[in-house]
Each structure stands twice: as C-alpha cells, then as structure tokens.
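Participant: 3D model of this:
(one chain, ligands or ions: 1)
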Amino acid sequence: MFITLEGIEGSGKTTQVENIVAFLKDKGHDCVVTREPGGTDIGKKIRAILLDPENRGLDPMAELLLYMADRAQHIREKILPSLSQGRMVVCDRFFDATTVYQGFARGLDVKRITRMHDLVFDGLKPDVTLLFDLPAKVGLSRAWNEINSGSRDGSETRFEKEDIAFHDIVRNGYLELTDLEPERFRVIDASKSIEEVREEITKTLSEELEKIK
Ligand code: TMP
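Facilitator: Residues are numbered from 1 along each chain as shown. Below is the predicted model of the structure:
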C-alpha cells in the first residue's frame, strides 16, 4: 500500500509520520517512511536547491523540473522497489503537491503537469492520500513559530516566505483535488490538537486497512 501525506506548511504531517508508522507496524506491516523532495541521497541535494530561501530567482519551470527529477529518482530508487517487496510506503508529500504548488499556485498548466506525470511515472498513484487541512493563516503561523524556535530548519524557508494569498491558493487547490478523487483522499482536520489528529488518522487508516483485508 502506498500512502501519501499532503497539506500546507505547518499542517503537522511531519509530526504525525511517527504515529502513522507505529500504528502500521503494530498492525503487522513492514513500512518505509520517505518524503519529497529529498527521499534519496541525490534528492537531498535537489531539495537543498528547491528550499533555499536565497534562490528567489528560481524560474517556475525550472522549479517544476527539479521536483520531477527528485521524484523520478525517488520512484525508481525507493518507492517501486519497496512496494514490490510488499512493504508499505508512507511518503510525506508526492505529486499532488506539484499540482497545487507549481500548477495552481505558480500558475503552470495543470494539464501539462498531469501529462508529465503520466509520461514519467507511468500513472503511479497513491492508494490513499491523507490531506491535513487547516486555514493557511493558522498553518503558516505554526510553521514560523517552529522556525523561530529552531525546531524547524531555517535554511528551508523558500515557500514559507510566500505570502498568505499563495498559501490560500495551495489550501483551496488541495481541497479541489479531493472533489476530483474523493475515493483516494481522506481529509484530516489538522486544526485540532496533535492527540486528536492522531486519533482521527488511526480511525481513517483502520478503515483503509479493512478495505485491503
Ligand atoms: P516540506 O518537506 O517541509 O513539506 O517542504 C517541501 C516544500 O516543497 C513545501 O513547501 C511544498 C513544496 N513542494 C512543491 O512545491 N512541489 C512538490 O512537488 C513538492 C513535493 C513539494
């Protein structure tokens, strides 16, 4: 099973990854945890370019192609081999992020992005996508609190530095995707406490595991 986590900055995905893996392991599943960008050694170098706040001049098309390069490496080096060994893959962000950030928010053609995905990734899609949803203002202020307190990497703030309108587009873009594929997306109310979110995820994943029994 291929599970992806999506959401705006400060939505708490990364905080919940450990709980998700502990839950799946407890149910007897062997898990691989990974993320985009940066799920491979080569990807980590691409991530540094993509998230460096100094790279203000990065062209949107170059940005898109760097995310695609990271993903091509990641899929072939890590995701497909893990899935074919029967392991569960839990990935913090995947191609929906490209649709909303580079498509909806940067304004690149979404149909073209979808065609690129079909061409390069041969239609690989997650089985389940947990969307951590909350108002952009709340997420962004959480993210900046974490950056200012040092619990989040201050060298990776290129997207956090975008204005609130950008993050509103991202949030609404994700919600639009859930309407297009309601069977794949499970929306988690990420404005709740860490414990409440953990409980909602456990309930959701229990239902998903029932489906594949
Ligand atoms: P994160 O690891 O803290 O979630 O940061 C990754 C950043 O990269 C986040 O701001 C969203 C952005 N991103 C894209 O713009 N497009 C993509 O395809 C992916 C995977 C991430």
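
Participant: starting at the chain centroid, how far to stretch 156-169?
Facilitator: With CA atoms, centre = their mean, to the nearest Å as the basis, stretch 156-169 stands 15 Å off its chain's centre.

Participant: Please read the previous query as pertaining to stretch 38-57.
Facilitator: With CA atoms, centre = their mean, you get 15 Å for stretch 38-57.

Participant: Could you list the residues in contact with that stretch?
Facilitator: Identification of contacts with stretch 38-57 by CB atoms under 8 Å, 6 or more residues apart in numbering yields 36-37, 58, 63, 66-67, 69-70, 73-74, 77-79, 91, 155-159, 161. In short, each C-beta sits where N, CA and C put it, glycine included.

Participant: Dump that stretch to PDB, restricted to CA.
Facilitator: The C-alpha coordinates for stretch 38-57 follow below in PDB (Å, rounded to 0.1, in the frame of the first residue of the first chain):
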ATOM      1  CA  GLY A  38      14.700  14.600  -0.600                       C
ATOM      2  CA  GLY A  39      13.800  10.900  -0.300                       C
ATOM      3  CA  THR A  40      17.100   9.800  -1.700                       C
ATOM      4  CA  ASP A  41      20.700  10.900  -1.500                       C
ATOM      5  CA  ILE A  42      20.500  12.600  -4.900                       C
ATOM      6  CA  GLY A  43      17.100  14.000  -3.900                       C
ATOM      7  CA  LYS A  44      18.600  15.600  -0.800                       C
ATOM      8  CA  LYS A  45      20.800  17.700  -3.000                       C
ATOM      9  CA  ILE A  46      17.900  18.700  -5.200                       C
ATOM     10  CA  ARG A  47      15.900  19.600  -2.000                       C
ATOM     11  CA  ALA A  48      18.600  21.900  -0.900                       C
ATOM     12  CA  ILE A  49      18.300  23.900  -4.100                       C
ATOM     13  CA  LEU A  50      14.500  23.900  -4.000                       C
ATOM     14  CA  LEU A  51      14.000  25.100  -0.500                       C
ATOM     15  CA  ASP A  52      17.000  27.500  -0.100                       C
ATOM     16  CA  PRO A  53      15.400  31.000   0.500                       C
ATOM     17  CA  GLU A  54      18.400  32.600  -1.300                       C
ATOM     18  CA  ASN A  55      17.100  31.000  -4.600                       C
ATOM     19  CA  ARG A  56      14.500  33.700  -5.100                       C
ATOM     20  CA  GLY A  57      15.200  33.800  -8.800                       C
END
